[in-house]
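Engineer: please find the sequence and the predicted model below.
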Amino acid sequence: MDLYGFTQYKGCFYRVSANYSPADGWRGTIDVRKQRSDGGVEALVSHSDVPGNFASEDRARVAAGAYARTIIDEEKFSDV
């Protein structure tokens with residue numbers, strides 16, 4: 001598993017995406033990874049939806065990035 005497309009933040013890496021549904025509007029999604037000392041990559045959060053619906057893709061991505069950083073700051077990977 002590589003970390004291409006992920007953003008480094010406080011010893012972890014996160015990636016955001018946004019998906020559109022006509023019924024719900026835009027939703028943000030996050031993935032969070034951590035690189036182990038042996039060089040391997042551990043998935044801490046995979047394809048987790050960000051709370052809320054958004055009016056645009058940009059807002060969904062911004063909210064997803066903020067949510068990912070909060071999860072990393074609080075180390076609440078199992079709560080997602």
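Structural biologist: Yes, it's here.
Engineer: contacting residues around the worst-scoring helix or strand of the chain on mean pLDDT?
Structural biologist: The weakest-scoring helix or strand in the chain, judged by mean pLDDT, DSSP states H and E, is strand 41-49 (a mean of 94). Residues outside strand 41-49 that contact it (CB atoms under 8 Å, 6 or more residues apart in numbering) are 1-3, 12, 27-36, 68, 71, 77, 80. Backbone N, C-alpha and C define where each C-beta goes, glycine included.
Engineer: show the buried residues in these.
Structural biologist: Using 16 or more other CB atoms under 10 Å as the burial test, the contacts of strand 41-49 include 12, 27, 28, 29, 30, 31, 32, 33, 35, 68, 71, 77 as buried.
Engineer: what sits against the fourth one?
Structural biologist: Residues in contact with residue 29 (CB under 8 Å, 6+ apart) are 16, 17, 18, 19, 47, 48, 49, 50, 64.
Engineer: who wins for most neighbours among those?
Structural biologist: residue 64 (26 neighbours; other CB atoms under 10 Å).
Engineer: so that one sits in a strand?
Structural biologist: No - assignment of residue 64 by DSSP: H, G, I helix; E, B strand; the rest coil gives helix, placing it outside any strand.
Engineer: how far away is it from residue 51?
Structural biologist: 10 Å (CB to CB, to the nearest Å).
Engineer: gap between residue 45 and residue 64?
Structural biologist: Going from residue 45 to residue 64 by CB to CB gives 11 Å.
Engineer: okay, and the common contacts of those two?
Structural biologist: Residues touching both residue 45 and residue 64 (CB under 8 Å, 6+ apart) are residue 30.
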